[in-house]
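S.K.: following is a predicted model, sequence given first.
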Amino acid sequence: MAGTGKAHLRTGEDVLVSVEDLVVEFPCGRGRTVKAVSGISFDIRSGETLGLVGESGCGKSTTGRAIIQLPRPTSGSVVFRGVDLADLSDEEIRQRRTHIQMIFQDPISSLNPRRTVGEIVAEPLRVWGPSDADEQKAIVDRMLDAVGVDPDAARDKRPHEFSGGQCQRISIARSLVVGPDLLICDEPVSALDVSVQAQILNLLEDLKAEYGLTMVFIAHDLAVVKNISDRVAVMYLGKLCEVAGPDTLYAEAAHPYTDLLLGSVPKPDPTVEIDESLVDDGELPSPINPPSGCRFRTRCDRATDVCSAEEPKMRAVDDEHFVACHHPLVAVAG
Amino acid sequence: MDTALDPAAPTEAARRPWIRRFVSKMPWTTRFCASWLIVIVGAAVFADLIPGLADPNYQGFLFGDGATNESPSLTHFLGTDNNSRDILARIVYGARVSLTVALAAVFMGVVFGGFFGSLVGFVRGRTDSAVMAVVDVILAFPGLVLLLTVVTLLGRRDLVVIATVIGFLSIPPYTRVARANALSISRREFVTAARAIGTRKRSILFREVIPNVLPTLLAYAMVNAAVIILLEGALAFLGLSVEPPTSSWGTMVNAARVDLQINVWPAIWPSLALVFTVYSLNNVGDWLRRLRSVRSAAL
Amino acid sequence: MGSFIATRLVRLVATLLAVSFLTFLLVNLLPGDAINALIPIEAQQDQEYVAQVRAEWGLDDPMLVRYGKWLGDAVRGDLGDSIVTSRAVSSEIAHRIPVTGELMIVTVIFSVLLAVPLGVMSAYREGSRLDQFISGGAQFALSVPGFVAGLLFIYVFAMKLGWFPATGWTRISNSISGNLMTVTLPALSLSVIEVAVYTRVVRSDLVTTLKEDYILSARSKGLRDGFILFRHALRPSSLTLITVVGLNIGLLLGGTVVVEFLFALPGLGKRLLDAIFQRDFMMVQGITVFVAMVYVVVNTLVDLVYLVVDPRIRKAD
Amino acid sequence: MADNVAGSPLLEVDDLRTTFTIPAGDVKAVRGVSFSLEQGRTLGIVGESGSGKTVLARSIMRLNLGSNVTTTGTAAFNGSDVLTRSPGEMRELWGTEMAMVFQDPMTSLNPLVRVQRQVTEHLCRHLNLNRAEARQAAVDLLREVRIPDPETRLRSFPHELSGGMRQRVCIAVALACEPSLLFADEPTTALDVTVQHQILNLLSREQTDREMAMVLVTHDLGVVAGRTDDTMVMYAGTVVEHAPTASLFADMRHPYSEALMRSIPRTSLPSHTRLAAITGRPPDLIDPPSGCAFSPRCPYVQDQCVNEEPPLVETDDPAHRLACWTPVGSPEARAAFEKNLAAGLQQAVAVDISAAPSSTGGVDG
């Protein structure tokens, strides 16, 4: 799988972020490197929600963090509003932080336990202004209110006095207080109970409409990603497999891996037939020493010689649907 | 969605002053230990003002109104030592040495060790390796042996010198504790969140990292103060702490050792003072740590 | 695994070098010129004599040169000669190692043998009266310095009961029973704090381990409590215990100085103290470096023991 | 799944209550649960965190450690109450009759002990096998849970295996002594979705082959659907609905079950479908609300719900048990909902708004 290739990239003025050939590697001792992200390209239009989905270790969170240069990618470009962030100095990056914000998986860990909620949400304002205390308080209150937290009750409390869902709301308030254009959500609901998860997903949809946000939504839960995204990219072992609109992707998956994922999702409907034949192990190969050619070939029953010899390129199924596979499940032109 | 965050009415307990709430949670042994610490600190600070407390260096037998190794009496509550000096007075003044040394160690440890440790744990990289290499080398010496060597070589041994040396040698262990904490805190997502906001590194260090390192460091300080007092006691017992006639608990025990056959009390009193002070520090320190771990477990 | 050992050994050598240099620096930079120890103050009027002695001891060379010379000798086992007795520092150290070594080994073995069952009982019955008693006792014992415990033991067991000699040392080569008589009280004095430290370590570690899922899983298999305690729980805790024993060697080395002084034992600590009082800087330097080296080597050994006990490190590469 | 075998049930739990005493008060984690399970059948227990599902499973297994736990009621296993047994008697039951697979395979295997000993130590104890026999048994077990190259794997330490492999080892451990009842406590929560699928398949295959009874504890409705005979929905320490899985999903009667179902995103629904979030948050188990515990969040709430706790009773279908005064779809429920909506009750408004998917208006009160 997983290919390189940029057939799925779009042109036009409404492309807010364009990521090309992104590579992120981490040293892991003894001179070896973990190839967390191995040359992926994608773009995000203004006002669009891009869902990044894949199993643990596929590099989806690393990709999200590389967009905001935390840490900086090993190579590749991240062009945001026409400027390649990878070329900028640390200070220039810092100056652009207000435009791209992030929310994290563990809502409790992402809030400083020793500060009050009021201070936490006001922190970005302390850095970027306004410096007037009353003005700051007004903005903080408005923001807390917008995420569904009562400012008067919450302002002077500390994070540990709140539930996970509440903490996630506070964390969203903090990231929106500076009015960002792009919000990167790194598994924001996977630590939450399903009922709270629904609240947060609805909230993100509302805020997106209200503030005209563009989002990258990273998750391992395919149903969650489908619910919130306008376009979904499936990742496997540091590579992109398939990119499509959510309804297309889930209806007619072209990549065998997408198909496997979709078949594995437990469906809350006893009438759906469960494929009980899959019992054997299908473990991920190591990202330190990934397979040659298509990285999915070790688990793919359609794999042939060409899959180990040659890395598949992104090809178009139709205008909105792209797949990187030598033997896709649907017909591909060219 | 749940805006349900009722401004919870403060409970009965919450309305009481925090100090009483704090004390009410203590088991009785801890209350006793805390009281002892307050008493001993108060006595040491206000020793000069306490009525009836004799001059610790006044040797009665030289001036005709006292004897050596006296039993406790109304004039000498704990009796006198083999130089006919008032034991109670010497213990109170001796507390000054123990406490000054402990305070110096805690102060220098928390301020310098805490800062360096937090700094290198946060920035990591080469600064970290360099600072930790130095720390490791200093820590490669057994504490008392290094202290013995340094104190001997310095030649002068008044309270300022002893306190400075012990304080200086306390920096490396605090650095290590602070660094380990700062490392784990820097990996927490709220630090990444602060960077994502665009907070300057210096701000992150002082506003996000250090405030979270401090509580652990202070809990460590309690236990460390106890260790330092023991260390000074050992040094004094070997005759290498502050020079006579200044009294120190270890010195007193050493002096009383010779006459153990005749009178054990001059050895017992300073030993008890030392043991109880150290015990109290350990006890209160342990309690604080338990309190913290309960609270962090509740998170 | 091989590279792990190699890294540790390189670090060991680097630390030893740094430790020796630091000691050398300390002894040579701090006030209190060595010449004061070599020549009585009165004789220092004779400039020529002073210069001659300086040259003889190499005190005029630049410090790095002197360090290089000293290190070159030290590597060959020559730590110089005592400026008081003129005997070789290394042979004095060798002569006194058996005393201090025996004292420390007896203390560690005794403390571990006592602390492990105490800690295990305390953790197994966490919160019970037995636990409160053991934990409370350990907290108290932690506050009793070696010299206080030593004096108490001397007073009770030597002076009042007359079971053991108050001071002195019988070499094991002379009389095994006599040796045991002389080592008991000093080792007990040192053990008070050690037992307390180890008991607390074993207890707190075991309390954490016993809450792990794999202990629950072992229980759900129907294994006996004793089996779970010793075959499943104690093994991870023993890692911490080994580390703490290693780190505590430093404390123990300090403790032997005090105890050897109190019991008048002819050990390394006593020799260091004598050297300090005599301002015998060669001896101070030699013993300090030696003690620090023992400490560093022991802790490297502890790291290597980890390798044997913990498979996660063994297979790290 | 195996057919219902006639005779007395394998497990019969009656009014089980478990309470943890902590400084802040008594946490009533399980508040009167009753159910029975026949030999060879599977029961799914579904609930969010804090619903008491894990505590319930551990209470029946007598695995709640600590002096601050009290469990009352009865849990009859093969006709005799396990809650009154001595620890020694429990040990004879553990492993051989009842076994458990835990949530996190990373932490439920001892990191310092080789796979072989962990798989065989209780075999040796319960079945008195010698080393060679135990080893052979271990190889067979690993092969059965589809671990490739079992001889090599026996010599491994847990950290050398992947998450899915570790969970297979845990299953092998649990199955080693052929238990008649297996508790699987969120066995796949820590695993990736493809691995989860394999593990669930493995579990149900073993359950069928061995005619074991199995209790599958999970927070995911999708995991129980199609894999269990019966499903029990728990909320705040009580069972709110208990029915054969097929009829539960076909006809959800309890407002909480319904709300849970409507709040999860599904791949079968179109993108941007508005989810019906449950308002508010789970109740405080130290001081649970009077009446129905779900009443503060229920869109069909009426006075009776707040004042009186609904008992778990059979509905028109005797297999379908329910604890609710206003079951979903009943005229009472419809009337209560209309009334609540008119009164502007938050939870009713939220449901009403999300019924219209185009609306993007906030549902915050």
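M.R.: Arrived safely, thanks for sending. Residues are numbered from 1 along each chain as shown, chains lettered A, B, ... in the order given.

S.K.: phi and psi next, for the nearest residue to C:Arg224 once chain neighbours are set aside.
M.R.: Spatial nearest neighbour of C:Arg224, excluding adjacent residues (CB to CB, 6 or more residues apart in numbering or on different chains): D:Arg91 at 6.7 Å. (Each C-beta comes from the backbone N, C-alpha and C, glycine too.) Main-chain torsions, D:Arg91, degrees, to the nearest 10: phi -60, psi -30.

S.K.: could you do D:Gly44 as well?
M.R.: According to degrees, to the nearest 10, D:Gly44 has phi -100, psi 130.

S.K.: check what pLDDT the nearest residue to it once chain neighbours are set aside gets.
M.R.: Nearest in space to D:Gly44, with sequence neighbours left out and distances taken as CB to CB, 6+ apart, is D:Val224 at 3.2 Å. pLDDT for D:Val224: 92.

S.K.: was I right about D:Val224 contacting D:Val217?
M.R.: No. Counting by CB atoms under 8 Å, D:Val224 sits too far from D:Val217 to count as a contact (9.6 Å).

S.K.: now do the helix or strand where A:Ser77 lies, average pLDDT.
M.R.: Taking DSSP states H and E as the definition, A:Ser77 sits inside strand A:75-80. Across strand A:75-80, pLDDT averages out at 92.

S.K.: kindly report the same for stretch D:138-150.
M.R.: Stretch D:138-150 shows a mean pLDDT of 90.

S.K.: could you do stretch B:179-195 as well?
M.R.: In the prediction, stretch B:179-195 has an average pLDDT of 91.

S.K.: stretch B:245-260 now?
M.R.: In this model, stretch B:245-260 has a mean pLDDT of 83.

S.K.: run a quick neighbour tally on D:Ser247.
M.R.: Taking other CB atoms under 10 Å in any protein chain shown as the criterion, the count of residues near D:Ser247 is 17.

S.K.: show me the contacts for the closest residue to A:Ala154 other than its chain neighbours.
M.R.: Closest residue in space to A:Ala154, ignoring its immediate chain neighbours: A:Val117 at 4.7 Å, by CB to CB, 6+ apart. Contact analysis of A:Val117 by CB atoms under 8 Å, 6 or more residues apart in numbering or on different chains lists A:Leu111, A:Leu144, A:Val149, A:Ala154, A:Arg155, A:Asp156, A:Lys157, A:Arg158, A:Pro159, A:Phe162, A:Ile170.

S.K.: run through the stretch 1-150 of chain B and note the low-pLDDT ranges.
M.R.: Applying pLDDT under 70 to the stretch 1-150 of chain B flags the ranges B:1-18, B:52-54, B:57-70, B:74-77, B:82, B:84.

S.K.: give me that answer again for 90
M.R.: Within the stretch 1-150 of chain B, the segments meeting pLDDT under 90 span B:1-30, B:40, B:42-98, B:124-150.

S.K.: just the helices in it please.
M.R.: Remark: helices assigned in the stretch 1-150 of chain B by DSSP state H, counting those that start in this stretch are B:12-15, B:18-24, B:28-45, B:87-108, B:114-123, B:125-139, B:143-154.

S.K.: got TSV for those, with distance to D:Ile278 and mean neighbour count too?
M.R.: Putting those into TSV (distance: least, CB to CB, whole Å; neighbours: other CB atoms under 10 Å in any protein chain shown) gives the following:
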stretch	distance to D:Ile278	mean neighbour count
helix B:12-15	30	9
helix B:18-24	36	10
helix B:28-45	44	15
helix B:87-108	51	23
helix B:114-123	41	23
helix B:125-139	47	15
helix B:143-154	59	22
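
S.K.: any chance of the ones you listed in JSON lines, plus distance to D:Thr152?
M.R.: Shown next, in JSON lines, are these (distance: least, CB to CB, whole Å):
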{"stretch": "helix B:12-15", "distance to D:Thr152": "59"}
{"stretch": "helix B:18-24", "distance to D:Thr152": "58"}
{"stretch": "helix B:28-45", "distance to D:Thr152": "55"}
{"stretch": "helix B:87-108", "distance to D:Thr152": "54"}
{"stretch": "helix B:114-123", "distance to D:Thr152": "41"}
{"stretch": "helix B:125-139", "distance to D:Thr152": "39"}
{"stretch": "helix B:143-154", "distance to D:Thr152": "48"}
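
S.K.: let me know which of the ones you listed is the nearest to chain D.
M.R.: Ranking the helices of the stretch 1-150 of chain B by proximity to chain D (CB to the nearest CB) places helix B:12-15 first, at 10.9 Å.

S.K.: report pLDDT for residue 266.
M.R.: As the question left the chain open, I've gone with chain A. A:Pro266 carries a pLDDT value of 90.

S.K.: switch to chain C, please.
M.R.: 91.

S.K.: that one is in contact with C:Pro98, isn't it?
M.R.: No. Taking contacts as CB under 8 Å, C:Pro266 lies outside contact range of C:Pro98: 9.6 Å.

S.K.: thinking again about what came up before, can you give me how far the strand holding A:Ser77 is from the chain middle?
M.R.: With CA atoms, centre = their mean, to the nearest Å as the basis, strand A:75-80 stands 16 Å off its chain's centre.

S.K.: and the next helix or strand after it, which strands flank it?
M.R.: As assigned by DSSP H and E, the chain's next helix or strand after strand A:75-80 is strand A:83-84. Strands that pair with strand A:83-84, judged by DSSP bridges, come out as strand A:75-80 (antiparallel).

S.K.: pull the CA atoms of the strand it pairs with into PDB?
M.R.: Provided in PDB are the C-alpha atoms of strand A:75-80 (Å, rounded to 0.1, in the frame of the first residue of the first chain):
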ATOM      1  CA  SER A  75      11.600  16.200   5.600                       C
ATOM      2  CA  GLY A  76       8.800  17.300   3.400                       C
ATOM      3  CA  SER A  77       6.800  20.500   3.300                       C
ATOM      4  CA  VAL A  78       3.800  21.800   5.100                       C
ATOM      5  CA  VAL A  79       2.500  24.800   3.200                       C
ATOM      6  CA  PHE A  80       0.000  26.800   5.200                       C
END
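
S.K.: what residues of that strand count as buried?
M.R.: Within strand A:75-80, the residues scored as buried using 16 or more other CB atoms under 10 Å in any protein chain shown are A:Gly76, A:Ser77, A:Val78, A:Val79, A:Phe80.

S.K.: let me know the helix or strand that the nearest residue to D:His254 once chain neighbours are set aside is in.
M.R.: Counting by CB to CB, 6+ apart, D:His254 lies nearest to D:Glu241, which is 4.0 Å off, once chain neighbours are set aside. Assigning secondary structure by DSSP H and E places D:Glu241 in strand D:238-244.

S.K.: what's that strand packed up against?
M.R.: strand D:25-37, strand D:230-235, helix D:255-263, strand D:321-322 (3 or more CB pairs under 8 Å, 6 or more residues apart in numbering or on different chains; DSSP states H and E).

S.K.: tilt between the longest one and strand D:238-244?
M.R.: Strand D:25-37 and strand D:238-244 meet at an angle of 20 degrees, taking axes from the mean of the first three to the mean of the last three CA atoms, to 10 degrees as the criterion.

S.K.: so which elements touch the lengthiest helix in chain D?
M.R.: Criterion DSSP state H: the longest helix present in chain D is helix D:193-210. Using 3+ CB pairs under 8 Å, 6+ apart as the contact test, the elements touching helix D:193-210 are helix A:256-264, helix D:163-175, strand D:181-185, strand D:213-218.

S.K.: which one of those lies nearest to A:Val306?
M.R.: Closest approach to A:Val306 among those is made by helix A:256-264 (14.2 Å; CB to CB).

S.K.: now the next helix or strand after the closest one: buried residues?
M.R.: Counting by DSSP H and E, the next helix or strand C-terminal to helix A:256-264 is helix A:305-309. Neighbour-count burial for helix A:305-309 flags A:Cys307 (criterion: 16+ other CB under 10 Å).

S.K.: sweet, I'm off.
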